[in-house]
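A.B. asks: when you get a sec, could you give me coordinates for this:
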Amino acid sequence: MITRGRFLTRRAAALALALCACSGPARAQWTPLPSPTNVSLRGLSVVDARTVWASGAKGTVVHSVDGGNSWRLDTIPGASAFDLRSIHARDSRVAHVAATAGRIWRTTDAGATWSLRYQAADTSVFLDAVDFWDDRHGIALGDPIGGRFFLLVTDDGGDTWREPPVASRPVALEGEAAFAASGSSLALQGTGDSMVAWIGSGGRSARLHRSLPHLSGWTAYETPMRQGGAAEGIFSIAILPTGGLFLVGGNYSQDDSARANAATSVTGAEWSTRIAVPPRGYRSGVAFASTPAYRAVGLAVGPGGSDRSRDGGVTWLAFDRAGYHAVRATRDAIFFASGSEGRLARFDARPTR
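C.D. replies: So this is what the prediction gives:
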């Protein structure tokens, strides 16, 4: 049994460690990158240390092939009235973008041309995220319609998209939906027969939905994340390098509230209480990577600033006051972020000698 005194001692030690780390001689920060636009960029996809894509308002897409030092700016023809909240890139030439207004475009020539691959007939379709397991298999997530989350799937590299049977889609409780704040309320794992999709929800209920094999059905797990109000819930899912999941969110109308804004689980069925120091407030994006020195380095971002963890999300430290919407990382721990007013940034979390 852990007594209250021992618990307080452990928490005090964690807080002291955080304060010591924050008071170091050189606090790390994002490195701002030159941006060719001033629109809000909520979609972000990182292929590798050199290839980065971002998307946002007014049909805007930007991408870099030199690690963010320079960017190509594209406005997708016919999309200037749409907000491209999510983007997934396969390489420097192939990318897929989803508009909240039920449309998906694809480029196969590095943004020189774009083709409309899906347009919803139902004007109530609202897409939150798009992602791919591999070059052929992908999924797009939309807000619930008729008590089920809206889904699209492709098995031909995004050339065509289809709606799976209604009965095989995740059941949504009344007042439950997904957030399109960073394109990361959807996360994918595995390949072939082991492909798994995760969906984080919010609103009246903040649940984690896990797909069954071949998207034949879904299992829903309750989470300890903040929930009950329209602005509350899970906003981003990250797959931990050490295994398991990490969620961030909170209440987007309360940037500085850290109440129930993060959670971690190995399977989604049970939730750890090991988060000693959570991110400082509402966070819309989170990403993790591993380095030779740390098994799981993470960055969490939101309009109110960023936080960093070097212990798999147990302890989060103030990182940077600049606001960002989305964050993604390469496997070797180079992080990129995108935000309002075209903000783009990079951070290399690899240890320096």
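
A.B. asks: I'd say Thr37 and Leu73 touch.
C.D. replies: Yes. Using CB atoms under 8 Å, Thr37 is in contact with Leu73, at 5.8 Å. (Glycine included, C-beta is placed from N, CA and C.)

A.B. asks: looking at the two, which has the bigger crowd around it?
C.D. replies: Thr37 (21 against 13; other CB atoms under 10 Å).

A.B. asks: what number of residues lie near the closest residue to that one other than its chain neighbours?
C.D. replies: Distances taken as CB to CB, 6 or more residues apart in numbering put Gly342 closest to Thr37, at 4.2 Å, once the chain neighbours are dropped. By the measure other CB under 10 Å, the count of residues near Gly342 is 22.

A.B. asks: got a list of what Pro170 touches?
C.D. replies: Going by CB atoms under 8 Å, 6 or more residues apart in numbering, Pro170 touches 148-149, 151, 199, 209, 218, 220.

A.B. asks: just curious, which of the residues you listed is nearest to Thr273?
C.D. replies: Using CB to CB, Ala220 comes nearest to Thr273 of these, at 21.3 Å.

A.B. asks: show me the beta-bridge partners of the closest one.
C.D. replies: His209 (DSSP bridges).

A.B. asks: tell me how far it lies from Gly249.
C.D. replies: Distance from Ala220 to Gly249, counting by CB to CB, to the nearest Å: 17 Å.

A.B. asks: more neighbours, these two?
C.D. replies: Gly249 (34 against 18).

A.B. asks: sheet partners, orientation included, of the helix or strand hosting that one?
C.D. replies: Using DSSP states H and E, Gly249 maps to strand 245-251. Note on strand 245-251: by DSSP bridges, its sheet partners are strand 232-239 (antiparallel), strand 262-265 (antiparallel).

A.B. asks: list the buried ones in it?
C.D. replies: Across strand 245-251, burial judged by 16 or more other CB atoms under 10 Å covers 245-251.

A.B. asks: go on, stretch 57-72?
C.D. replies: In stretch 57-72, residues buried by neighbour count (16+ other CB under 10 Å) are 57, 59-65, 67-68, 71.

A.B. asks: try stretch 119-127
C.D. replies: Neighbour-count burial for stretch 119-127 [16+ other CB under 10 Å]: 120, 125-127.

A.B. asks: measure that stretch end to end?
C.D. replies: Its start and end residues considered, stretch 119-127 measures 11 Å (CA to CA, to the nearest Å).

A.B. asks: repeat that for stretch 316-333.
C.D. replies: End to end - CA to CA - stretch 316-333 spans 17 Å.

A.B. asks: now do the buried residues in that stretch.
C.D. replies: Neighbour counts using 16+ other CB under 10 Å place 316-317, 319-320, 322-330, 333 of stretch 316-333 among the buried residues.

A.B. asks: ok, back up a step: what sits in contact with each of Thr37 and Leu73?
C.D. replies: Counting by CB under 8 Å, 6+ apart, the common neighbours of Thr37 and Leu73 are 60, 62.

A.B. asks: which parts of the stretch 201-350 of the chain are helices?
C.D. replies: For the stretch 201-350 of the chain, no helices are identified by DSSP state H, counting those that start in this stretch.

A.B. asks: ok, which stretches of it are strands?
C.D. replies: If DSSP state E, counting those that start in this stretch is used as the criterion, the strands of the stretch 201-350 of the chain fall at 202-203, 207-211, 218-222, 232-239, 245-251, 262-265, 285-289, 297-302, 305-309, 317-320, 326-329, 334-338, 344-348.

A.B. asks: so which of the ones you listed is the most packed in?
C.D. replies: Among the strands of the stretch 201-350 of the chain, ranked by average contacts under mean count of other CB atoms under 10 Å, first place goes to strand 297-302 (a mean of 30).

A.B. asks: quick one: strands adjacent to that one?
C.D. replies: Sheet pairing for strand 297-302, using DSSP bridges, gives strand 285-289 (antiparallel), strand 305-309 (antiparallel).

A.B. asks: and those as TSV, adding distance to Asp155 and mean pLDDT?
C.D. replies: Converted to TSV, the strands paired with strand 297-302 look like this (distance: least, CB to CB, whole Å; pLDDT from 0 to 100):
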stretch	distance to Asp155	mean pLDDT
strand 285-289	27	98
strand 305-309	36	97
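
A.B. asks: want to throw the ones you listed into CSV with distance to Asp256?
C.D. replies: Below are the strands paired with strand 297-302 laid out as CSV (distance: least, CB to CB, whole Å):
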stretch, distance to Asp256
strand 285-289, 17
strand 305-309, 9
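
A.B. asks: can you tell me which of the ones you listed is nearest to Arg259?
C.D. replies: Nearest to Arg259 among the strands paired with strand 297-302 is strand 305-309; the distance by CB to CB comes to 15.1 Å.

A.B. asks: which residues does that closest one contact?
C.D. replies: With contacts defined as CB under 8 Å, 6+ apart, strand 305-309 is touched by 28, 30, 279-281, 283, 296-300, 315-324, 327, 337, 349.
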